[in-house]
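Visitor: Here you go, sequence then predicted model.
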Amino acid sequence: MPKLKTKSGAKKRFKLTATGKLIAGYSGKRHGMIKRTTKQIRQNRRTFVVSEADARKVRKYFLPNG
């Protein structure tokens, strides 16, 4: 059976923590920032822990070796 490759798009978007949780960045930061409130811009700077249901799918299909 061939080796399972990690999707290169997922490599750039997700990161695994030491406990196995998945971290991702917020969306909506690329353009149209004039429409966003200062609070939205400030809160979207950080990262967030992906929900366990979504994280299971990402780990299974996109980060099999992660």
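Guide: Structure received.

Visitor: so which strand or helix has residue 20?
Guide: For residue 20, there is no helix or strand it lies in under DSSP states H and E.

Visitor: how about the helices of this protein, start to end?
Guide: 8-13, 38-43, 52-61 (DSSP state H).

Visitor: For the last one, give the mean pLDDT please.
Guide: The average pLDDT within helix 52-61 is 95.

Visitor: In terms of secondary structure, what does that helix contact?
Guide: Where contact means 3 or more CB pairs under 8 Å, 6 or more residues apart in numbering; DSSP states H and E, helix 52-61 is packed against strand 22-25. Backbone N, C-alpha and C define where each C-beta goes, glycine included.

Visitor: Which positions within the strand it packs on qualify as buried?
Guide: 22, 24 (16 or more other CB atoms under 10 Å).

Visitor: counting contacts, what elements does it pack onto?
Guide: strand 14-16, strand 47-49, helix 52-61.

Visitor: among the ones you listed, which is nearest residue 24?
Guide: Checking the helices and strands packed on strand 22-25 against residue 24 by CB to CB gives strand 14-16 as the closest, at 5.4 Å.
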